[in-house]
Every structure is written in C-alpha cells, then in structure tokens.
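[1] Would you be able to build a 3D model of this:
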Amino acid sequence: MISGLTALSLLVLLRAPATQGTRPAVVLCRYAALRDALVLQADAFSGRGATAIFERFTRGNGIAFSEGPRWPTLRHFALGALKEFGLGTRSVEECVLEEAACLLGEFQATGDTAWKKRGTSVGVDAGAPFNPRQLLDNAVSNVICSVVFGNHYGYEDMEFLRLLDLFNYNFCIMSSRCTFSPPSWTGSQAHITEYSETSLRVFLSQQMQLHQQTRQPGKPHYFIHSFLDQIDKVQGPAALNSSPAAHQQAPGTQQHLSSVPTGTENPESHFQAEMLVMTTHNLFFGGTEITGTTLRYGLLILLKYAEVLSPGKVPAELDGVAGRMRAQTLEDREYPLCTNTVLHEIQRFISVVSFGLPRKRMCLGAGLAPTEIFLTSILLRFFLLPVGSHSDTDLTPQCTGPGNVPPAFQLRLVAH
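    Numbering: from 1, shown residues only. Modelled structure (predicted):
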C-alpha cells in the first residue's frame with residue numbers, strides 16, 4: 001500500500017469517455033504519491049491496460065506489451081542475453097562507431113549526389129538539401145541487426161528500405177488517435193496497415209527460420225540463437241518445427257496463418273516462436289524508431305535553435321572532449337555542461353514516447369544504439385543548415401499520441 005497520503009491526494013477514480021466504454025482509471029496526485037508508486041514500487045505499478053493498436057499486432061506477446069510474470073521473465077532473459085553479446089560494453093560501442101562512420105559517409109555522398117543531379121559542381125562547401133530519415137533509420141537498425149541477427153544491410157538495399165518505411169508507418173499509426181480506440185479503418189488504410197503488419201511478421205519469421213537451420217545449438221552467436229536455444233530447453237526442438245510463427249508467408253500468398261498446423265508448442269510458455277518474433281520486433285522498434293526519431297527531432301531542434309551550435313558552445317566542448325580526429329565514445333558520456341544540457345533537453349522536449357506505454361524507460365533496443373554517439377558524430381563532422389531560415393523551422397509533430405513523430409524536413413550539411 002502507498003502510505004502517508006489521504007485518499008483524496010492519492011488517487012481519483014474516473015470514468016473514461018463513452019467512446020472508450022466505462023473502464024475505470026486511476027490517477028495519482030502529488031509528487032509523493034507518484035514517487036511512491038512509480039519509483040519505490042515500480043514493479044507493482046508497471047502493468048498497463050490493453051491498447052487496441054498494440055493488441056492487434058502483438059497479441060500480448062514480446063517484452064514491451066506482455067503482462068504478469070511473463071514480462072519480468074522475458075526481460076531478465078533478454079537483458080542477460082544482450083549483455084553476453086556486448087550491451088553496454090565496448091564491443092557494441094565499436095559496432096555503433098563503425099555504423100556512425102558509415103552514416104557520415106552516406107550523408108556526404110547523398111549531398112554530393114544531390115548537387116550533381118542539380119547540375120552543380122561538388123565542392124567543399126557543398127550542402128545539397130535532403131531528408132535524413134531513411135539514412136538515420138538504416139544506420140540505427142543495422143546496429144540492432146548486427147546483435148540480433150548478425151546481419152548488415154546496405155544503404156541502398158531497397159527491400160530493407162521498404163521494411164524501414166513500414167516501421168515508420170506503424171510508428172505513425174501508433175502515434176495517432178487509433179491507439180486508444182478499436183481500429184475502425186476501412187479501404188486503403190486498413191489494407192496498408194494489414195500489409196505492413198504482415199510484412200514485418202514475415203521478415204522476422206524468415207530470420208527465425210534461417211537461423212533455426214544454420215545455428216549450432218548451445219553455441220549462440222547472436223541474440224536470436226540464444227532465444228532459440230531457450231525454446232529448445234523449455235519446449236524441445238520439435239515445438240519450433242511446427243509452430244505457426246515459423247511458417248508465415250508473404251502478403252498475397254494463398255496460405256493463411258489460420259490454416260497452418262498449430263504445432264506442439266505450449267501456448268502458456270514464455271518461450272515460443274511467436275514470442276521470439278515479437279521480442280525481436282520490440283528490439284527493432286525500440287532501436288530503430290525510438291532512437292531514429294530522437295535523432296531526427298534532435299537535428300530539427302538544432303536547425304531551429306542554431307545559437308546552440310555557435311562557436312564557443314557545443315562544437316567547442318566536443319572538440320575539447322574528443323577533438324576532430326576521433327568519434328565520441330561511451331567513455332565521453334560525461335559531457336561538459338552545455339552539451340549535456342542540450343542532449344537532455346532534446347529528449348525532454350520531444351518526448352518520443354510520451355506516456356502510457358508499458359515500461360517506456362526500459363527499452364532494450366534503444367540501449368543498443370545510443371543516440372548520443374550518432375548525434376555527436378554528426379556534429380563533429382558537419383555544420384547543420386536549414387533549407388530556409390532558422391526561425392521558419394517548424395517543430396510541430398506530424399502526429400501525436402503515445403509517440404511524437406517529427407514533421408518531414410530537409411537539411412543541408414556542410415563539412416567542417
């Protein structure tokens with residue numbers, strides 16, 4: 001029980017609007033009650049009610065949207081497995097630094113290519129405008145892929161870019177009013193949403209099938225191997241071979257999920273094929289969309305408030321920490337005052353996952369691809385310039401719900 005507060009200051013029972021039925025809601029009032037519940041008794045208050053859009057896709061599976069004992073079990077396993085593969089250590093950091101270097105090269109090449117298409121000669125001061133979304137998402141997602149699957153996708157891989165577009169589309173849907181009410185889409189929206197959900201499931205299921213065939217049981221090299229080993233340990237190898245999640249097909253094929261044999265899996269187990277599919281999805285979503293969106297919004301904010309990047313502020317501080325000759329590392333996280341303030345203010349201002357999502361500050365995927373390394377690497381290499389004026393840069397979210405999606409924008413990057 002939460003002690004020391006009157007019933008009135010502790011909570012208020014409300015009724016949701018008629019459009020959402022008569023589900024009671026609990027509202028915690030005052031700082032002491034919030035701290036008591038969300039900090040001192042975090043596990044007891046970590047549960048969340050079902051949300052229409054998430055239930056439709058996850059069916060209560062995976063780390064992010066599971067409830068009861070399943071959530072701590074999956075999180076404990078995933079955290080342990082990811083630590084074995086370098087979460088929070090130099091091995092993952094080196095992967096992030098390598099990908100950040102690839103990203104900077106792609107930024108430079110994209111700007112140069114855009115100038116050539118305009119018929120303009122490429123020079124040191126070139127800075128053709130471009131939308132950074134796909135490049136940022138590709139870089140962040142490659143870090144997740146390397147740990148989860150051991151894969152790396154080129155920045156011009158059209159199939160992978162299509163998948164990233166589907167992630168972004170799903171994040172936009174998640175950040176709309178559809179999140180809080182049962183989906184009532186019709187026509188093209190319903191078709192695109194179903195196609196998006198199915199395509200993501202198929203991609204992840206195909207990765208599971210591939211690694212199930214090529215792995216050495218008991219000798220995991222990637223996160224997916226560890227999860228497959230755990231499924232074998234809990235349910236036996238035969239459970240995977242006939243699992244519905246292991247036989248999903250691409251959209252448009254005749255075989256439907258409901259026509260696949262149900263297999264020998266124990267549906268009550270925390271470790272099964274469907275749980276692996278949704279757990280890897282959660283890692284991808286946390287890394288790609290949350291980190292990628294934070295980077296996009298961070299760049300957009302810095303375009304508007306250019307004084308932060310003026311001489312003597314963030315650029316000078318970064319030079320003092322690492323210099324121009326090397327990228328920032330995890331050891332550099334104790335940034336000087338101005339840089340540290342800017343990084344925290346960006347996260348506070350944009351609030352990418354603003355409220356209501358289960359355990360929104362416990363995202364394992366985002367931990368695999370630290371925002372700071374990507375952002376500071378960009379700032380060390382390039383000046384940021386808006387296409388128009390700084391004052392005209394619009395920070396209004398494209399859509400707002402549990403997540404805030406930044407508006408589409410272009411920027412120009414000029415090398416230091």
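[2] which helices and strands sit right next to the helix or strand containing residue 169?
    Assigned by DSSP states H and E, residue 169 falls within helix 158-174. When contacts are defined as 3 or more C-beta pairs under 8 Å, 6 or more residues apart in numbering; DSSP states H and E, helix 158-174 packs onto helix 52-58, helix 133-148, helix 187-214. (Each C-beta comes from the backbone N, C-alpha and C, glycine too.)
[3] What ranges in the stretch 151-300 of the chain fall below the confidence cut-off?
    176-190, 237-268 (pLDDT under 70).
[4] again, 80 this time
    Applying pLDDT under 80 to the stretch 151-300 of the chain flags the ranges 170-197, 236-269, 285-287.
[5] For residue 339, see how far away residue 285 is.
    28 Å (C-beta to C-beta, to the nearest Å).
[6] And the helices in the stretch 251-400 of the chain, which stretches?
    In the stretch 251-400 of the chain, the segments counted as helices under DSSP state H, counting those that start in this stretch are 273-284, 292-304, 314-321, 337-350, 364-368, 371-381.
[7] Those helices: which one's closest to residue 134?
    helix 292-304 (9.4 Å; C-beta to C-beta).
[8] Output the helices of the stretch 251-400 of the chain as a markdown table; include the columns distance to residue 200 and mean neighbour count.
    What follows is the helices of the stretch 251-400 of the chain, written out as a markdown table (distance: least, C-beta to C-beta, whole Å; neighbours: other C-beta atoms under 10 Å):
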| stretch | distance to residue 200 | mean neighbour count |
| --- | --- | --- |
| helix 273-284 | 6 | 25 |
| helix 292-304 | 16 | 23 |
| helix 314-321 | 37 | 17 |
| helix 337-350 | 24 | 16 |
| helix 364-368 | 14 | 24 |
| helix 371-381 | 23 | 22 |
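[9] quick one, which of these is nearest to residue 28?
    Closest among these, using C-beta to C-beta: helix 337-350, at 20.5 Å.
[10] Can you name every helix or strand that the closest one contacts?
    Using 3+ C-beta pairs under 8 Å, 6+ apart as the test, helix 337-350 ends up in contact with helix 292-304, helix 314-321, helix 371-381.
[11] Now for residue 168: which residues touch it?
    133, 137, 289 (C-beta atoms under 8 Å, 6 or more residues apart in numbering).
[12] Could you double-check that the first one lies in contact with residue 292?
    Yes. The pair residue 133 / residue 292 is scored as a contact, 7.5 Å apart, by C-beta atoms under 8 Å.
[13] that older thread, and the helices and strands packed on helix 337-350, which one averages the lowest pLDDT?
    Among these, helix 314-321 has the lowest mean pLDDT, at a mean of 68.
[14] Spatially, which residue comes closest to residue 276, not counting chain neighbours?
    Leaving aside its chain neighbours, residue 276 sits nearest to residue 227 (4.8 Å; criterion: C-beta to C-beta, 6 or more residues apart in numbering).
[15] Quickly name whichever of the contacts of residue 168 is closest to residue 90.
    Using C-beta to C-beta, those come closest to residue 90 at residue 137, 24.7 Å.
[16] Surely that closest one touches residue 163?
    No. Residue 137 lies out of contact with residue 163 (C-beta under 8 Å); the separation is 9.7 Å.
[17] So which of the contacts of residue 168 is the closest to residue 383?
    After measuring these against residue 383 - C-beta to C-beta - the closest member comes out as residue 133, at 20.0 Å.
[18] Roughly how far does the closest residue to residue 200 other than its chain neighbours sit from residue 284?
    Leaving aside its sequence neighbours, residue 200 sits nearest to residue 166 (C-beta to C-beta, 6+ apart; 5.8 Å). Here residue 166 is placed at a distance of 11 Å from residue 284 (C-beta to C-beta).
[19] go on, residue 383?
    32 Å.
[20] Ok, residue 274 next?
    In terms of C-beta to C-beta, residue 274 sits 16 Å off from residue 284.
[21] Residue 341 too?
    Counting by C-beta to C-beta, the gap from residue 341 to residue 284 is 31 Å.
[22] Kindly report the same for residue 390.
    Taking C-beta to C-beta, one finds residue 390 at 34 Å from residue 284.
[23] How about residue 34?
    Residue 34 is 31 Å from residue 284, by C-beta to C-beta.
[24] And for residue 360?
    16 Å.
[25] same thing with residue 385?
    32 Å.
[26] swap in residue 393?
    In terms of C-beta to C-beta, residue 393 sits 30 Å off from residue 284.
[27] Adding distance to residue 313 and mean neighbour count, write the helices and strands packed on helix 158-174 out as JSON lines.
    Output for those, formatted as JSON lines (distance: least, C-beta to C-beta, whole Å; neighbours: other C-beta under 10 Å):
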{"stretch": "helix 52-58", "distance to residue 313": "40", "mean neighbour count": "18"}
{"stretch": "helix 133-148", "distance to residue 313": "23", "mean neighbour count": "24"}
{"stretch": "helix 187-214", "distance to residue 313": "41", "mean neighbour count": "16"}
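[28] Export the ones you listed as a markdown table, with columns for distance to residue 349.
    Shown next, in a markdown table, are the helices and strands packed on helix 158-174 (distance: least, C-beta to C-beta, whole Å):
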| stretch | distance to residue 349 |
| --- | --- |
| helix 52-58 | 25 |
| helix 133-148 | 18 |
| helix 187-214 | 29 |
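[29] so which of the ones you listed gets nearest residue 87?
    Of all these, helix 133-148 comes closest under C-beta to C-beta, at 7.7 Å.
[30] just to revisit the earlier point, the residue nearest to residue 276 belongs to a helix, doesn't it?
    Yes. Residue state for residue 227 (DSSP: H, G, I helix; E, B strand; the rest coil) corresponds to a helix.
[31] Burial check on it, number of neighbours?
    26 (other C-beta atoms under 10 Å).
[32] ok, now which ones touch it?
    Contacts of residue 227 (C-beta under 8 Å, 6+ apart): 77, 81, 271, 276, 279, 280.
[33] what's the answer for residue 136, then?
    103, 292, 295, 296, 374.
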